[in-house]
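S.K.: just to be clear, the model below is a prediction. Sequence and coordinates:
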Amino acid sequence: MAMNKQKAQDLISTYADLIDEGNYEAWPTLFMKDGRYHVTSDENHRKNYPVGIILCEDQGMMVDRIKALRLANIYEQHRYRHVMSPSVVQEADASGVTTKTSFVVYRTLSNKEAELYATGKYLDRIVFDDAGDARFASRTVVLDSQCVDTLMVIPL
Amino acid sequence: MAMNKQKAQDLISTYADLIDEGNYEAWPTLFMKDGRYHVTSDENHRKNYPVGIILCEDQGMMVDRIKALRLANIYEQHRYRHVMSPSVVQEADASGVTTKTSFVVYRTLSNKEAELYATGKYLDRIVFDDAGDARFASRTVVLDSQCVDTLMVIPL
Amino acid sequence: MAMNKQKAQDLISTYADLIDEGNYEAWPTLFMKDGRYHVTSDENHRKNYPVGIILCEDQGMMVDRIKALRLANIYEQHRYRHVMSPSVVQEADASGVTTKTSFVVYRTLSNKEAELYATGKYLDRIVFDDAGDARFASRTVVLDSQCVDTLMVIPL
């Protein structure tokens, strides 16, 4: 169990690192083929509204999302920086772990200062394949604020 | 000792999670009956001024504080988000551990963007009861800034 | 290896703590005698530009830097607060570990509110001496933004 907890923490760290380094193509590979990526607001999450801000229901939708981001490329160049609290394991069984992680994301536009972009929590279900490798079965990104910048093309 | 260190880290994570989820009634239960909660500024802390911004000298005072918060309820709805560095154990003995944890708290008012609210450090004395459960014997919240928003009704 | 990883995490935490507590004289002692401290921007780092914003090529240069800071002392009093994600070990061998750590630094000027100062990542090479103590062989501070406040006298 201790090893699985460490692998989950490593996966969560790797996710943030890939995004912050601009390696967006690797992002979908952290999910299961039928993995789910969902961005919503705290208010919608509490009311159990199924649709949020972004929803990818499998890895293919994530790949498409990144292709669109690269092809369009009309947005102003910007980068993210994730800073996260240590993750908390809420459930752990033979097949995987359920975790919660508080985060803040800063955004830096070219030739500008870093600025606060979003705060919230990751609600993750992380599973392990036969080789013991960790992948997201689902990641729900719950943003504290309803006010979301429409520039949001990079995965949070 | 390694297990106690993990339990202390878990208690510190649970504290932030309860506050960020708005589960304020559970907050006093993380302290010993005679536990102490103290919010002060870095300048006052250095000068050893005994009185700070908020002082609860036992669990009952914390319960009263939350009741007042719920009854009054005249403040503008807002939520906190804690992001913390990994905690550092400064002392560890049979009865407990002394830790230091850097934190930043963001505040989100309804229909507003998240904003920086406070930065500082937690100075904690965490003890273990006969069942091995961790509780705060004391938590001192040292804020980096002297400028404190009078809206501060939610525990930091 | 697990012990070395913990020692590396502790060294990284100690670094942030010394700076945030204003104990600048202790800062050079966390490095090897021939240790290297380098602050650069993400853009310069990607282009492999050798010179960045600050460069200390041994411990003596760091000591001189702190002496100058204390002697001059003409800058407006200010303090830092580091908040960091859990560090990620990228390589580990018998002689040391290579780690990456995302950080945000807030600055508090006297009688002002805390404010966002910088975001970025630490790229560290940490080595262990015969006694098993950890020291930085090098720390490269990569800032997300090109816009750097010229007030930067305190080590990041």
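M.R.: Looks like it arrived, so ask away. Remember, predicted model here, so these are calculated numbers, not experimental data.
S.K.: what's the burial count for residue A:67?
M.R.: Look at residue A:67: counted by other Cβ atoms under 10 Å in any protein chain shown, it has 12 neighbours. Heads up, the C-betas are built off the backbone N, CA and C, glycines and all.
S.K.: tell me which element it falls in.
M.R.: Here residue A:67 sits within helix A:59-72, counting by DSSP states H and E.
S.K.: direction included, what does the helix or strand that that helix is followed by pair up with?
M.R.: Using DSSP H and E, the helix or strand that follows helix A:59-72 towards the C-terminus is strand A:78-84. The strands that strand A:78-84 pairs with in its sheet are strand A:96-109 (antiparallel) (by DSSP bridges).
S.K.: returning to what we had before: so which elements touch the helix holding residue A:67?
M.R.: Helix A:59-72 sits against strand A:31-41, with contacts defined as 3 or more Cβ pairs under 8 Å, 6 or more residues apart in numbering or on different chains; DSSP states H and E.
S.K.: near chain B at all, the next helix or strand after the strand it packs on?
M.R.: Next in sequence after strand A:31-41, counting helices and strands by DSSP H and E, comes helix A:42-46. Yes: between helix A:42-46 and chain B, judged by Cβ under 8 Å from any Cβ of the partner chain, the touching residues are residue A:42.
S.K.: for residue C:118, see how far away the residue lying farthest from the centre of chain A is.
M.R.: Centroid-distance maximum for chain A: residue A:111 at 26.0 Å, with Cα atoms, centre = their mean. Remark: distance between residue A:111 and residue C:118 (Cβ to Cβ, to the nearest Å) = 15 Å.
S.K.: what of residue A:128?
M.R.: For residue A:128, the distance to residue C:118 - Cβ to Cβ - is 37 Å.
S.K.: and what of residue A:121?
M.R.: Residue A:121 is 24 Å from residue C:118, by Cβ to Cβ.
S.K.: quick one: strands adjacent to the helix or strand hosting residue A:116?
M.R.: In this assignment (DSSP H and E), residue A:116 forms part of strand A:115-128. The sheet places strand A:115-128 alongside strand A:96-109 (antiparallel), strand A:134-143 (antiparallel), with pairing taken from DSSP bridges.
S.K.: for residue C:52, which of those is the nearest?
M.R.: strand A:96-109 (16.5 Å; Cβ to Cβ).
S.K.: and the angle for that closest one with strand C:114-128?
M.R.: 120 degrees (axes from the mean of the first three to the mean of the last three Cα atoms, to 10 degrees).
S.K.: circling back: take the strands paired with strand A:115-128 and write them to a markdown table, including mean neighbour count and mean pLDDT.
M.R.: Below are these laid out as a markdown table (neighbours: other Cβ atoms under 10 Å in any protein chain shown; pLDDT from 0 to 100):
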| stretch | mean neighbour count | mean pLDDT |
| --- | --- | --- |
| strand A:96-109 | 22 | 96 |
| strand A:134-143 | 21 | 97 |
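S.K.: okay, those strands in a markdown table with distance to residue A:86 next?
M.R.: Compiled in a markdown table, the strands paired with strand A:115-128 are given as follows (distance: least, Cβ to Cβ, whole Å):
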| stretch | distance to residue A:86 |
| --- | --- |
| strand A:96-109 | 8 |
| strand A:134-143 | 17 |
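S.K.: of those strands, which is nearest residue C:138?
M.R.: Across the strands paired with strand A:115-128, closest to residue C:138 is strand A:96-109 (Cβ to Cβ), at 24.0 Å.
S.K.: can I get that closest one in PDB? Just the C-alpha atoms.
M.R.: Extracted in PDB, the C-alpha atoms of strand A:96-109 (Å, rounded to 0.1, in the frame of the first residue of the first chain):
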ATOM      1  CA  GLY A  96      -6.200   1.600  -6.800                       C
ATOM      2  CA  VAL A  97      -6.300   4.700  -4.700                       C
ATOM      3  CA  THR A  98      -8.600   7.700  -4.400                       C
ATOM      4  CA  THR A  99      -6.800  11.000  -3.600                       C
ATOM      5  CA  LYS A 100      -7.500  14.600  -3.000                       C
ATOM      6  CA  THR A 101      -4.900  17.300  -3.800                       C
ATOM      7  CA  SER A 102      -5.100  21.100  -3.300                       C
ATOM      8  CA  PHE A 103      -3.500  23.200  -6.000                       C
ATOM      9  CA  VAL A 104      -2.800  26.700  -7.200                       C
ATOM     10  CA  VAL A 105      -1.900  27.400 -10.800                       C
ATOM     11  CA  TYR A 106       0.000  30.600 -11.900                       C
ATOM     12  CA  ARG A 107       0.100  31.700 -15.500                       C
ATOM     13  CA  THR A 108       2.900  33.600 -17.200                       C
ATOM     14  CA  LEU A 109       2.300  35.300 -20.500                       C
END
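S.K.: and the nearest residue to residue A:26 once chain neighbours are set aside, how many neighbours does it have?
M.R.: Sequence neighbours aside, residue A:18 is the residue nearest to residue A:26 in space, at 4.9 Å (criterion: Cβ to Cβ, 6 or more residues apart in numbering or on different chains). The tally of other residues near residue A:18 (other Cβ under 10 Å) stands at 17.
S.K.: contacts only, for residue A:18.
M.R.: A:24, A:26, A:27, A:30 (Cβ atoms under 8 Å, 6 or more residues apart in numbering or on different chains).
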